[in-house]
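**Q** Return a 3D structure for these sequence lines:
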Amino acid sequence: TKDAKVNSKENSNPNTALDRREFLKRSALGVATAMCAFPAFADARHADALAFLREHFVADLHAHTALKTAFFRKRFYESHVAPPNTYPFTLRSDEPSLRDGGVNAVLSAIYVPEPQVARDAAALSAIGALSPSIRRMKRTFESEGPDVAADIVNAFDAELRSSTGAVPVRSLAELDQANRQGKIAFLHTLEGGHALGSEFKRTHLDMLQILHARGFCMITLAHFYDVGVAPNIQGVPKTWYLKGLGCFREQWASEHNENRLPPLGRYCVEVMTILGMLADLTHMTPNARKDVYDIVGTRAPLVMSHVGCHDHAPFDMNPTPEEVRRIADTGGVIGVIFLNYFLKGKNRGKGIEAILDTMQCLINHGGEDCVGWGSDFDGFTNPPTDLTEPADLPRLVDPMLKRFGERTTAKILGGNVRRVLEEGWNSPV
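**A** Presented below is the predicted three-dimensional model:
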């Protein structure tokens, strides 16, 4: 059973730590979570789904656990409140929640905050001056991306080793060993080509080789801003409340960006293919994605780790039917994001039905072997109200089994990701 999800700080005396209203609000969250933690209050309707999760390999293609442990000082092995909608100051993918959701592996995105954010979200930056977590993120603007990435990885690996139930892994053999031991495996990925650094300090070839040797299995070459590696599209929901503060105008201006993959990006894709590191096309412009399809061909499986489908939400972020087929032809996988905006164009409310519809859409265009899930938990996202953390996965799996059957559900939950790792990741050990 899951412990009540409140941090020790949140349990402190309201007279010394919180005002009365905040204390009552957090107490209500704690009571509600505690009730759900006891079998007497548990929803027995999802017992079969939970049993299915326990029996199969389950892998999240994209989550930001390391972001919250590095900058927000959240302890991975502790339980945290996972309220609905946007609440960045928590950790959703903590060890207790992952275990309660039956998750075996997480492709853990290492994200280095982009210096452009200081200019493009000045109001947020000013407000963030009051938060030690945001101040820690802002200090990274003064350092080289590779150095920050290394610091995040080192700190996160140490955090995982302080847990008895999770480990960082650098190969399929280590992944299998973790699963046999009943431990949650974390595979490092890099989000954003900006973190490869400038040629002034190290060449991009050096960085790709360093990341590969460190056990990174995948790189998302684009993110919020174009730094010459891969052109980006609009990746921040326009319905986000920060729009009212004048934030991310530069990022939103990249909507319908038609830029192609520049020579440096082409070079990185080719080197990654040779080394055996998966290329993640998420956040990349449609034209740049076409360039990657042509460069890689069928030499390696391609990935879009956290997206919706263009049929249901016609954003450049989401692959078109033709793209779904091309990724499927490489043996690749597309992870369905747990974010309503990129699933159905709306930011709030329930999302399980939209997730199911998106999975069905991808199956219709590319077959059951190209579908996975990439929650994007802990990435400053706004998860659906009925799927706020990994422990909620049985709520999704129950209708998946009814709609897709056991074989397809097992593939979507993790079987397809496992196959893609086997075919596209040439691990260093």
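
**Q** make it CA atoms for all contacts and neighbour counts henceforth
**A** Fine.

**Q** CA atoms only: put stretch 407-421 into CSV for me.
**A** These are the backbone C-alpha positions of stretch 407-421, laid out as CSV (Å, rounded to 0.1, in the frame of the first residue of the first chain):
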residue,chain,number,x,y,z
ARG,A,407,-1.1,-8.8,-26.7
THR,A,408,-1.4,-5.3,-28.0
THR,A,409,-1.6,-3.8,-24.5
ALA,A,410,1.6,-5.6,-23.5
LYS,A,411,3.3,-4.2,-26.5
ILE,A,412,2.2,-0.6,-25.8
LEU,A,413,3.1,-0.7,-22.1
GLY,A,414,6.7,-1.7,-22.7
GLY,A,415,7.2,-4.5,-25.2
ASN,A,416,7.7,-2.2,-28.1
VAL,A,417,10.2,0.0,-26.2
ARG,A,418,12.1,-3.1,-25.2
ARG,A,419,12.3,-4.2,-28.8
VAL,A,420,13.5,-0.8,-30.0
LEU,A,421,16.2,-0.7,-27.4
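
**Q** ok, and for it, which residues are buried?
**A** Using 16 or more other Cα atoms under 10 Å as the test for burial, stretch 407-421 gives 408-421.

**Q** who's in contact with Glu95?
**A** Under the criterion of Cα atoms under 8 Å, 6 or more residues apart in numbering, the contact list for Glu95 reads Phe76, Tyr77, Glu78, Ser79, Gly165, Ala166.

**Q** Model confidence for the closest residue to the first one other than its chain neighbours, exactly?
**A** With sequence-adjacent residues excluded and distances taken as Cα to Cα, 6 or more residues apart in numbering, Phe76 is closest to Asp94, at 5.0 Å. With respect to pLDDT, Asp94 scores 97.

**Q** same check, this time on the one 5 residues further on
**A** Reported pLDDT at Arg99 in the predicted model: 97.

**Q** if we can go back for a sec, can you pick out the most distant pair from the contacts of Glu95?
**A** Ser79 and Ala166 (14.4 Å; Cα to Cα).

**Q** before we move on, the earlier item: show me the residues around the residue nearest to Phe76 that make contact.
**A** Residues in contact with Asp94 (Cα under 8 Å, 6+ apart) are Thr65, Arg75, Phe76, Tyr77, Glu78, Ser79, His80.

**Q** Now do it against Gln234, distance only.
**A** Asp94 sits 29 Å away from Gln234 when distances are taken as Cα to Cα, to the nearest Å.

**Q** And Ala51, by the same measure?
**A** Distance of Ala51 to Gln234, computed by Cα to Cα: 39 Å.

**Q** Which of those two has more residues huddled nearby?
**A** Of the pair Ala51 and Gln234, Gln234 is the one with more neighbours under other Cα atoms under 10 Å, namely 24 against 12.

**Q** which residue sits closest to the more buried one, ignoring its sequence neighbours?
**A** Leaving aside its sequence neighbours, Gln234 is closest to Glu255 (4.8 Å, by Cα to Cα, 6+ apart).

**Q** same check, this time on Pro286
**A** Using Cα to Cα, 6+ apart and skipping the chain neighbours, the partner closest in space to Pro286 is Asp316 (6.6 Å).

**Q** And for that neighbour, the neighbour number?
**A** Burial of Asp316 is recorded as 24 neighbouring residues (other Cα under 10 Å).

**Q** Next up, the contacts around it.
**A** Asp316 makes contacts with Ile233, Gln234, Glu255, His256, Thr285, Pro286, His310, as judged by Cα under 8 Å, 6+ apart.

**Q** rerun that using 10 Å as the cut-off
**A** Under the criterion of Cα atoms under 10 Å, 6 or more residues apart in numbering, the neighbours of Asp316 are 232-235, 254-258, 282-286, 309-310, 342.

**Q** swap in Asn318?
**A** Contact partners of Asn318, counting by Cα under 10 Å, 6+ apart, are 282-286, 304, 306-312, 324, 334, 336, 342-343.

**Q** Can you get me a residue count around Asp294?
**A** Asp294 has 10 neighbouring residues, counting by other Cα under 10 Å.

**Q** And the strands in the chain, which stretches?
**A** If you assign secondary structure with DSSP state E, the strands in the chain sit at 59-63, 105-111, 166-169, 184-191, 218-220, 278-280, 303-307, 333-336, 371-373.

**Q** possible to save the ones you listed as a markdown table with distance to Val117?
**A** As requested, the strands of the chain are arranged in a markdown table below (distance: least, Cα to Cα, whole Å):
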| stretch | distance to Val117 |
| --- | --- |
| strand 59-63 | 20 |
| strand 105-111 | 13 |
| strand 166-169 | 29 |
| strand 184-191 | 15 |
| strand 218-220 | 18 |
| strand 278-280 | 22 |
| strand 303-307 | 21 |
| strand 333-336 | 26 |
| strand 371-373 | 27 |
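
**Q** Now render these as CSV, adding distance to Arg139 and mean neighbour count.
**A** Formatted as CSV, the strands of the chain follow (distance: least, Cα to Cα, whole Å; neighbours: other Cα atoms under 10 Å):
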stretch, distance to Arg139, mean neighbour count
strand 59-63, 23, 26
strand 105-111, 14, 26
strand 166-169, 26, 24
strand 184-191, 19, 25
strand 218-220, 23, 26
strand 278-280, 27, 27
strand 303-307, 28, 28
strand 333-336, 32, 30
strand 371-373, 32, 31
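
**Q** Mind putting the ones you listed into JSON lines with mean pLDDT and distance to Gln209?
**A** Formatted as JSON lines, the entries for these read as follows, by pLDDT from 0 to 100; distance: least, Cα to Cα, whole Å:
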{"stretch": "strand 59-63", "mean pLDDT": "98", "distance to Gln209": "22"}
{"stretch": "strand 105-111", "mean pLDDT": "97", "distance to Gln209": "16"}
{"stretch": "strand 166-169", "mean pLDDT": "97", "distance to Gln209": "17"}
{"stretch": "strand 184-191", "mean pLDDT": "98", "distance to Gln209": "13"}
{"stretch": "strand 218-220", "mean pLDDT": "97", "distance to Gln209": "12"}
{"stretch": "strand 278-280", "mean pLDDT": "98", "distance to Gln209": "13"}
{"stretch": "strand 303-307", "mean pLDDT": "98", "distance to Gln209": "20"}
{"stretch": "strand 333-336", "mean pLDDT": "98", "distance to Gln209": "24"}
{"stretch": "strand 371-373", "mean pLDDT": "98", "distance to Gln209": "27"}
